[in-house]
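Enquirer: Okay, sequence plus prediction incoming.
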Amino acid sequence: MSLYENVFIARQDISAPQVDGLVEKFEGIISSNGGKITKKENWGLRNLAYRIEKNRKGHYVLLNIDAPSAAVKELERQMGINEDVLRYITIRKDVLEDKPSIIMAGDKDSRRFNEEEANEGEE
């Protein structure tokens, strides 16, 4: 089976339990097609860079998926049909990370890296 990383954005006017219901529905689609979701991260309600269908915010969710390509195609088809999903992207990965994503970790490592990079330019 292949490894995938999927991030989707749900509408701002649905509640957090409804977002959890979407995740459960998508997990059911993957499992019924012979795959499994290895990690779920709810990034919460965040600002969008630009308005999408009159929404200024959206609920962001990350899913790490270990499934055959047919399962992912069905997942993307269902996401495209669902009115609560504004956008989604699925990326094939060689290795899935077990530790929390940068969004959940508070982006501390990238800030430290940028500070080190700025200090190198001063020397």
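Expert: Yep, it's here. None of these values were measured; they are calculated from a predicted model. Numbers count the residues shown, from 1 in each chain.
Enquirer: When you work out contacts or count neighbours from here on, use the C-alpha atoms and nothing else.
Expert: Fine.
Enquirer: ok, and for the helix ranked longest in the chain, which residues are buried?
Expert: In the chain, taking DSSP state H as the definition, the longest helix is helix 16-32. Of all the residues in helix 16-32, those buried under the rule 16 or more other Cα atoms under 10 Å are 19, 22, 23, 26, 27, 29, 30, 31.
Enquirer: now those residues as a markdown table including pLDDT and distance to residue 39?
Expert: Below are these laid out as a markdown table (pLDDT from 0 to 100; distance: Cα to Cα, whole Å):
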| residue | pLDDT | distance to residue 39 |
| --- | --- | --- |
| 19 | 95 | 16 |
| 22 | 95 | 15 |
| 23 | 95 | 11 |
| 26 | 95 | 13 |
| 27 | 95 | 11 |
| 29 | 95 | 15 |
| 30 | 95 | 13 |
| 31 | 95 | 14 |
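Enquirer: Any regions of this structure where pLDDT drops low?
Expert: Residue ranges of the chain with pLDDT under 70: 107-123.
Enquirer: Kindly recompute the last result at 80.
Expert: Residue ranges of the chain with pLDDT under 80: 106-123.
Enquirer: Give me the contact list for the helix or strand containing residue 5.
Expert: Using DSSP states H and E, residue 5 sits within strand 2-11. By Cα atoms under 8 Å, 6 or more residues apart in numbering, the residues outside strand 2-11 that reach it are 19, 55, 57-69, 84-96.
Enquirer: Please state the offset of that strand from the chain centre?
Expert: Counting by Cα atoms, centre = their mean, to the nearest Å, strand 2-11 is centred 4 Å from the centre of its parent chain.
Enquirer: do the same with stretch 27-43
Expert: Per Cα atoms, centre = their mean, the displacement of stretch 27-43 from the mean C-alpha position of its chain is 12 Å.
Enquirer: roughly how far is the lengthiest strand in the chain from the heart of the chain?
Expert: Across the chain, the longest stretch assigned as strand under DSSP state E is strand 36-52. In terms of Cα atoms, centre = their mean, the centre of strand 36-52 is set 5 Å apart from its chain centre.
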